[in-house]
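A.B. asks: here is my input, please return the structure:
(2 chains)
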There are 2 protein chains.
Amino acid sequence: MDINQIEPIARLVNEFSKLPSVGRKTAERYAYSIIKASDEQVKSFVDSLLGVKAKIKFCEVCGNYTEQSPCKICRERTKKVLCVVKDPKDAMAIEKSGAFKGQYHILHGTINPLAGVGPNDIRIKELLSRVSDGGTEEVIIATNPDVEGEATAMYISKLLKPFDIKVSRIAQGISMGSELEYADEVTLTKALSDRKEI
Amino acid sequence: MDINQIEPIARLVNEFSKLPSVGRKTAERYAYSIIKASDEQVKSFVDSLLGVKAKIKFCEVCGNYTEQSPCKICRERTKKVLCVVKDPKDAMAIEKSGAFKGQYHILHGTINPLAGVGPNDIRIKELLSRVSDGGTEEVIIATNPDVEGEATAMYISKLLKPFDIKVSRIAQGISMGSELEYADEVTLTKALSDRKEI
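C.D. replies: Modelled structure (predicted):
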């Protein structure tokens, strides 16, 4: 009578536990909520899962998720400034800030030799080809400020040297609204060395 | 380009956020993991959701989830001792402990006048009918030690008075392995008044 002895439930628990950061207990709670849900509710859930699989593809230009390729941003915005990010999630975060009005370029990863991810495994070629098509004046590299993100930024900036464009990196420093006292040493060092005259 | 502007993704995020304790951020992470998953993985997930809906029903005897009614426990175990619980989850928790070898009776709720749940809305009638069929010597009431659980336990114990059987309530006190210092006052009071000679 253990939940794990009822095969369909055990299977669903197993499927839920494949979601990011979902452990056994959480997966069991999700499975129970599905058992309790009405047929219509489960059908609607299933339809939305299948809908995403059927309708979402990658934009052939920027590599972001879209229903129609090229995506809305690539169709409607200028490519004067390109913002390079690791994942669609990052583009979404920047988009939510409303501070960027150019096009994106999603790498789908960062260079990580330990994990076997080399420059050819992420969308760097596509970036170079977009830039060499002309019309781009600046590339902002907005990969994460971690080892892989920094290495990828350096690598891309070198490749972009031959093109006569500005290459920049998003600023790193103390988070807005945070307290200096709690900032880590690396961030503080960076914030000091990158200080700006006011 | 905000995730919420891509309809199939927004819909999936909305569906995920209906799962218990899942907020918008978590739902977005789940949705991204589905976008990244292979068609086979999503198909397997969908099949498991539909499988649970198609195959899981309630045991006509104890009210627990089962593929086949009566369930394995009701078919194979003695009904000498019945353990009354609120939800299938509770029966599963007891089952995992391995400390109970009788049959269960799932109420599917507890009496809660404020939420409009009366004695007729939970499976009390079914319990009485099981007991009056004979063969039961003890009923252990294992509803939660909260207001509704206690009230339900009292109510059931009164209804079982006319039958010549033992009615018991699971012990309440300090959790095993916990520290006295952190126990709440109600639990400590209960632990003291229910003290046992050793």
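
A.B. asks: all contacts plus neighbour counts: C-alpha atoms, from now on.
C.D. replies: Noted.

A.B. asks: name the helix or strand of chain A that has the lowest mean pLDDT.
C.D. replies: helix A:185-193 (a mean of 84; mean pLDDT, DSSP states H and E).

A.B. asks: and that one, what does it pack against?
C.D. replies: Applying 3 or more Cα pairs under 8 Å, 6 or more residues apart in numbering or on different chains; DSSP states H and E, one finds that helix A:185-193 makes contact with no other helix or strand.

A.B. asks: buried stuff in it?
C.D. replies: Burial within helix A:185-193, assessed by neighbour count using 16 or more other Cα atoms under 10 Å in any protein chain shown, is assigned to A:Thr187, A:Leu188, A:Ala191.

A.B. asks: how far is that helix from where the chain is centred?
C.D. replies: How far helix A:185-193 lies from its chain's middle: 25 Å, per Cα atoms, centre = their mean, to the nearest Å.

A.B. asks: do stretch A:40-57 as well
C.D. replies: That offset, for stretch A:40-57, works out to 22 Å (Cα atoms, centre = their mean).

A.B. asks: for chain B, tell me whether it is touching it.
C.D. replies: Yes - using Cα under 8 Å from any Cα of the partner chain, stretch A:40-57 reaches chain B at A:42-46, A:48-53, A:55-56.

A.B. asks: which among those count as buried?
C.D. replies: Buried residues within those, counting neighbours by 16+ other Cα under 10 Å: A:Val42, A:Lys43, A:Phe45, A:Val46, A:Ser48, A:Leu49, A:Leu50, A:Gly51, A:Val52, A:Lys53, A:Ile56.

A.B. asks: how many other residues sit next to A:Asp133?
C.D. replies: Neighbour count for A:Asp133, taken as other Cα atoms under 10 Å in any protein chain shown: 9.

A.B. asks: ok, now A:Gly134?
C.D. replies: Using other Cα under 10 Å, A:Gly134 has 12 neighbouring residues.

A.B. asks: return the residues in contact with it.
C.D. replies: If a contact means Cα atoms under 8 Å, 6 or more residues apart in numbering or on different chains, then A:Gly134 has no contacts.

A.B. asks: for A:Ile165, see how far away it is.
C.D. replies: With distances taken as Cα to Cα, to the nearest Å, A:Gly134 is found 10 Å from A:Ile165.

A.B. asks: about what we covered before: so which of the residues of stretch A:40-57 next to chain B are in helices?
C.D. replies: Within the residues of stretch A:40-57 next to chain B, membership in helices is found for A:Val42, A:Lys43, A:Ser44, A:Phe45, A:Val46, A:Ser48, A:Leu49, A:Leu50, A:Gly51, A:Val52, A:Lys53, A:Lys55, as judged by DSSP state H.

A.B. asks: state the pair within those that is farthest apart.
C.D. replies: A:Val42 and A:Lys55 (19.7 Å; Cα to Cα).

A.B. asks: picking that back up, let me know the closest of the buried residues of helix A:185-193 to chain B.
C.D. replies: The shortest approach to chain B among the buried residues of helix A:185-193 belongs to A:Thr187, at 25.5 Å (Cα to the nearest Cα).

A.B. asks: I'd say the closest one and A:Ser175 touch.
C.D. replies: No - between A:Thr187 and A:Ser175 there is no contact, the gap being 9.2 Å when judged by Cα atoms under 8 Å.

A.B. asks: where does chain A come near chain B, residue by residue?
C.D. replies: So chain A meets chain B at A:1-3, A:6, A:8-9, A:11-12, A:15-16, A:19-20, A:29-30, A:33-35, A:39, A:42-46, A:48-53, A:55-56, A:66-67, A:72-73, A:92, A:95-96 (Cα under 8 Å from any Cα).

A.B. asks: all strands for chain A, in order.
C.D. replies: For chain A, the strands defined by DSSP state E occupy A:57-58, A:65-66, A:81-85, A:103-106, A:138-141, A:166-169.
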